[in-house]
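Asks: Structural data only, the sequence is not supplied:
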């Protein structure tokens, strides 16, 4: 019976764990940038109320949506190797 060549080696496992850690770091950094950017853009510097008002909430919704759209577009362009439009 032939040996299973699809079994990952210890080095493969380390590489997979390393890639997963890098991905997690990227996701945390992306979330932090999104939060900082949209908060700075949409929330007034002087807090008047303990909760977000309707304008701030709408602004944050639009900001997050645009941020994800641009992030996905850049990811697709980088992944495809195509020049930007």
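Replies: Here it is on my side, so go on. Nothing here was measured: the structure is a model prediction, and the numbers come from that model.

Asks: which residues in the protein form helices?
Replies: 10-42, 54-80 (DSSP state H).

Asks: Residue 48 is nearest to which of those?
Replies: helix 54-80 (10.4 Å; CB to CB). (Glycine included, C-beta is placed from N, CA and C.)

Asks: what packs against the closest one?
Replies: If you count contacts as 3 or more CB pairs under 8 Å, 6 or more residues apart in numbering; DSSP states H and E, helix 54-80 packs onto helix 10-42.

Asks: which parts of the helix it packs on are buried?
Replies: Neighbour counts using 16 or more other CB atoms under 10 Å place 38, 42 of helix 10-42 among the buried residues.

Asks: starting at the chain centroid, how far to that helix?
Replies: 7 Å (CA atoms, centre = their mean, to the nearest Å).

Asks: Ramachandran angles for residue 50?
Replies: Per-residue torsions, residue 50: phi -70, psi -20 (degrees, to the nearest 10).

Asks: Can you give me the pLDDT of residue 51?
Replies: Predicted confidence (pLDDT) for residue 51: 91.

Asks: mind giving me CSV with the helices of the chain and columns for distance to residue 48 and mean pLDDT?
Replies: Output for those, formatted as CSV (distance: least, CB to CB, whole Å; pLDDT from 0 to 100):
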stretch, distance to residue 48, mean pLDDT
helix 10-42, 14, 91
helix 54-80, 10, 92
